[in-house]
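Engineer: Mind folding the following:
(4 chains)
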Number of protein chains: 2
Amino acid sequence: MLDLAILGLLQESSMHGYELRKELATKLGAIRAAISYGTLYPTLRRLRGAGWIIEAGEAAAGAEEVPPLTSRRGRVVYKITAEGKERFAELLARAGPETYEDAGFGVHFAFFARTDRATRLRILEGRRRKVEERREGLRDVLARATERLDAYTLELQRHGLDACEREVRWLEELIANERSGRAPEGRPSGSPQEEDSPPPPGSTRDIPERP
Amino acid sequence: MLDLAILGLLQESSMHGYELRKELATKLGAIRAAISYGTLYPTLRRLRGAGWIIEAGEAAAGAEEVPPLTSRRGRVVYKITAEGKERFAELLARAGPETYEDAGFGVHFAFFARTDRATRLRILEGRRRKVEERREGLRDVLARATERLDAYTLELQRHGLDACEREVRWLEELIANERSGRAPEGRPSGSPQEEDSPPPPGSTRDIPERP
DNA sequence: GTGCGATGTATCGCGCCGATACATCGCACG
DNA sequence: CGTGCGATGTATCGGCGCGATACATCGCAC
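Structural biologist: Alright, predicted model coming up:
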């Protein structure tokens, strides 16, 4: 899942770790806390080992290489490779069970602008199914276990149930929009926003194949 | 965090692993998926090693011990010890930073019926603070990065922001209730429920301060 | 009588986290 | 002028928790 996010960001522009973490935080801020360095660096090493990214040293190609006089470590800029772009596309299109989990879904959704419509629909529907199951589970507990559970636990379930219902409604809206071929415009609560031509259906010209 | 939940459930009644997992799933269903056995069994072993729980063999004390004729493994029933109860009380009252994280908060909240009022308030307020910070972060991104992020990513942020605002309101209500000395009765959306005397103020006779 | 789903215990590899360490840079404050 | 502190920056380590996997028993439906 992290792979997807990192590859996706590096496809927009090369970055070093620290920067990557910040970008990740704003892009995924809605679904998870900032990623830990204890996760980031090992992951970068793994991606590098797989050949999906390479290090593009601070000093550009022509420079003096920065002699190892002091143990100057300097920032390491990472750059996505052609294989990395392929991998990204593969991960984008793939939709396993964990794609519908909270974290997985969030990451996929964050890159929907680069995903084709069919996949977007598949993922939105899978997620909806998942959340509906969760919702049913909570309803059952609330209906059956009212006697066995204390007031606080029940309140927690109610709050969770509410969140599920809300998310299902949200997903339903998104799905309807996808089917009618619109990007997620139309602000959640109606506001006097001009309906400027939103990026036409499958557009959001992305992955310019590197000029 | 798991320790708290397991100790809490075992305090209500002794159980074997499988059962524990199911109880955990209904008690914490609102905040997390069912716990994996790959987590549960090692955790039980750890708790056992610490002396907080003991195995109470299937065959009760007086029975024949079930000779190891076949490699009959049988279910292992776990029982909380006196030290375990102390530990539970300690964990209940403790409120570190991770108590305000999604998972940690949920577990603590699920055992609020056994928590004293002062601690409940402390935790609710800590959680509120946490969620407010998250909310501010999302607001900033939505206000500043509107140009840099695509429509889908923005929609994700909006949905996350909405969830934060909702949770803050929920917490606010709970805090107000605590201050006015009521258990979380009064169903979220008003309903014609008789206001039967809910457990009087600080009641829900819990943690009798350990006499 | 046999096969299948629920019950039940257990391990393994690995992703990810929080704590920690260490180094450089810019700049504010005395 | 220095000094110290917060932001930038890279990296490791111990440990929790997950999903996959294995294996065994029990009740019951077909």
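Engineer: so what's whatever residue of chain A ends up closest to DNA strand C scoring on pLDDT?
Structural biologist: In chain A, no residue comes nearer to DNA strand C than residue A:38, which is 1.7 Å away by C-beta to the nearest atom of the strand. Using the backbone N, CA and C atoms, a C-beta is placed for each residue, glycine as well. Residue A:38 is assigned a predicted lDDT (pLDDT) of 95.
Engineer: SS state for it?
Structural biologist: helix (DSSP: H, G, I helix; E, B strand; the rest coil).
Engineer: so does the helix or strand hosting residue A:103 get close to DNA strand D?
Structural biologist: Secondary structure from DSSP states H and E places residue A:103 in helix A:102-110. No: Helix A:102-110 lies out of reach of DNA strand D by C-beta under 7 Å from any atom of the strand, never closer than 9.7 Å.
Engineer: Ends of stretch A:135-153, what's the gap?
Structural biologist: Length of stretch A:135-153, first residue to last, C-alpha to C-alpha, to the nearest Å: 16 Å.
Engineer: can you tell if that stretch touches chain B?
Structural biologist: Yes: against chain B, stretch A:135-153 shows contacts by C-beta under 8 Å from any C-beta of the partner chain at A:137, A:138, A:141, A:145, A:149, A:150, A:151, A:152, A:153.
Engineer: Mind checking the pLDDT average for that stretch?
Structural biologist: Stretch A:135-153 comes out at a mean pLDDT of 89.
Engineer: Same question for stretch A:101-118.
Structural biologist: 95.
Engineer: Go through it and flag the buried ones.
Structural biologist: A:102, A:104-115 (16 or more other C-beta atoms under 10 Å in any protein chain shown).
Engineer: Same check on stretch A:15-24?
Structural biologist: A:15, A:16, A:17, A:20, A:21, A:23, A:24.
Engineer: In strands only, show me those.
Structural biologist: A:15, A:16 (DSSP state E).
Engineer: So which of the buried residues of stretch A:15-24 is the closest to chain B?
Structural biologist: Using C-beta to the nearest C-beta, residue A:23 comes nearest to chain B of the buried residues of stretch A:15-24, at 9.7 Å.
Engineer: thought the closest one was touching residue A:11?
Structural biologist: No: contact criterion C-beta atoms under 8 Å: residue A:23 and residue A:11 do not qualify, at 11.8 Å.
Engineer: Would you map the helices across chain A?
Structural biologist: Per DSSP state H, chain A carries helices over the ranges A:2-12, A:17-27, A:37-49, A:82-93, A:102-110, A:117-144, A:151-179.
Engineer: So which elements touch the first one?
Structural biologist: Looking back up the chat, that one is helix A:2-12. helix A:17-27, helix A:37-49, strand A:53-57, strand A:76-80, helix A:82-93, helix A:102-110 (3 or more C-beta pairs under 8 Å, 6 or more residues apart in numbering or on different chains; DSSP states H and E).
Engineer: Likewise for the fourth one?
Structural biologist: Other elements packing on helix A:82-93 under the criterion 3+ C-beta pairs under 8 Å, 6+ apart are helix A:2-12.
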